[in-house]
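Undergrad: sequence-free structure coming up:
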């Protein structure tokens, strides 16, 4: 009965953390299915090579990693999943030694004399070879919208603003939005889902209120990190044309107007362009609020990058 009440992976993990016997028995029960999946994936090929399947890190390996991190900060305290890890020393190490992107994470040693880790574990390459080693560059477009060659970018500073998921969606996604335009309105808002890549909130629409089974299906999509801006919430199955997200959007698109003006759901305000939930009113926003009934939230960084503050419904001034 315990497992029956766990309607999502998150609830199941919480039960397992409280009941070790349940965790062990459930792990044993799914092992057959996991072995089938491993064998299936081993038969896949990518660019002529077989796909490699790795087992997740064991609890002992995670504890060993925590001990290794104490080289950088001997005062850290966290659990084996690193979920409670907080350390300014480790943050500084990652800032100077790594590059994190949506599609990749790279880490590289340094040659600084004051780096505790790299002094104990210096680069094994010859100095001249190591100095010529750089982070793999991000996909970068030229003025014509074409991606530049790797050779032209290697060794230069790049960002991931030109990654494919940041570009606009067209074609089939636009036609699908037109097909369901009667549902993609403020009176049909049923919730929101977070994009796995950009973290922005994207509105969920349905012609009627979701029942508990449908709500659990949406929760599973969110917990399993399956949704990305511009993709259908359910690519197939019984909910494909029932529970919808707008598809003619990308990670660069601002928050939908329906998020702020939904009639069936009222959400916390988030910044219009970047989606950050930490909303603060700047002087420019306060000035516009005197002239307009609706002024969308924005942050200083978006203002500095040249983005405009969306406004609607100009107030009538008395003569």
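TA: Perfect, thanks for sending it. The structure presented is a predicted model; accordingly, all values stated were derived computationally and were not measured.

Undergrad: give me the number of residues near the residue lying closest to residue 87 once chain neighbours are set aside?
TA: Distances taken as C-beta to C-beta, 6 or more residues apart in numbering put residue 73 closest to residue 87, at 4.5 Å, once the chain neighbours are dropped. Just so you know, the C-beta spots here come from the backbone N, C-alpha and C atoms, and that holds for glycine as well. Residue 73 has 18 neighbours, counted by other C-beta atoms under 10 Å.

Undergrad: cool, and the one 5 residues further on?
TA: Residue 78 sits with 14 neighbouring residues when counted by other C-beta under 10 Å.

Undergrad: how much space between the residue nearest to residue 87 and residue 127?
TA: Plainly put, residue 73 is 28 Å away from residue 127 if you go by C-beta to C-beta, to the nearest Å.

Undergrad: local confidence estimate at residue 166?
TA: Per-residue pLDDT puts residue 166 at 64.

Undergrad: what sits against residue 258?
TA: Taking C-beta atoms under 8 Å, 6 or more residues apart in numbering, we find residue 258 in contact with 184-186, 189, 203, 205.

Undergrad: what are the phi and psi angles of residue 245?
TA: The phi/psi pair for residue 245 (degrees, to the nearest 10) reads phi -130, psi 150.

Undergrad: beta-bridge partners for it, please?
TA: For residue 245, the beta-bridge partners are residue 204 (DSSP bridges).

Undergrad: now for it: which residues touch it?
TA: 193, 202-205, 227, 231-233.

Undergrad: what's the closest of the residues you listed to residue 97?
TA: Using C-beta to C-beta, residue 227 is the member of the contacts of residue 245 that lies nearest residue 97, at 31.3 Å.

Undergrad: surely that closest one and residue 193 touch.
TA: Yes - Residue 227 lies in contact with residue 193 (C-beta atoms under 8 Å); the separation is 5.0 Å.

Undergrad: buried ones in the helix or strand where residue 152 lies?
TA: Using DSSP states H and E, residue 152 sits in helix 150-153. Within helix 150-153, the residues that qualify as buried by neighbour count (16 or more other C-beta atoms under 10 Å) are residue 153.

Undergrad: before we move on, what about stretch 304-319?
TA: 309-310.

Undergrad: now that stretch: average pLDDT?
TA: So the average pLDDT for stretch 304-319 ends up being 78.

Undergrad: any low-confidence regions in the stretch 101-250 of the chain?
TA: 165-173 (pLDDT under 70).

Undergrad: strands along that one, start to end?
TA: For the stretch 101-250 of the chain, the strands defined by DSSP state E, counting those that start in this stretch cover 105-107, 189-194, 201-205, 244-245.

Undergrad: reformat those strands into a markdown table and put distance to residue 266 next to each item.
TA: What follows is the strands of the stretch 101-250 of the chain, written out as a markdown table (distance: least, C-beta to C-beta, whole Å):
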| stretch | distance to residue 266 |
| --- | --- |
| strand 105-107 | 37 |
| strand 189-194 | 9 |
| strand 201-205 | 12 |
| strand 244-245 | 19 |
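
Undergrad: I'm done for today, thanks for sticking with me.
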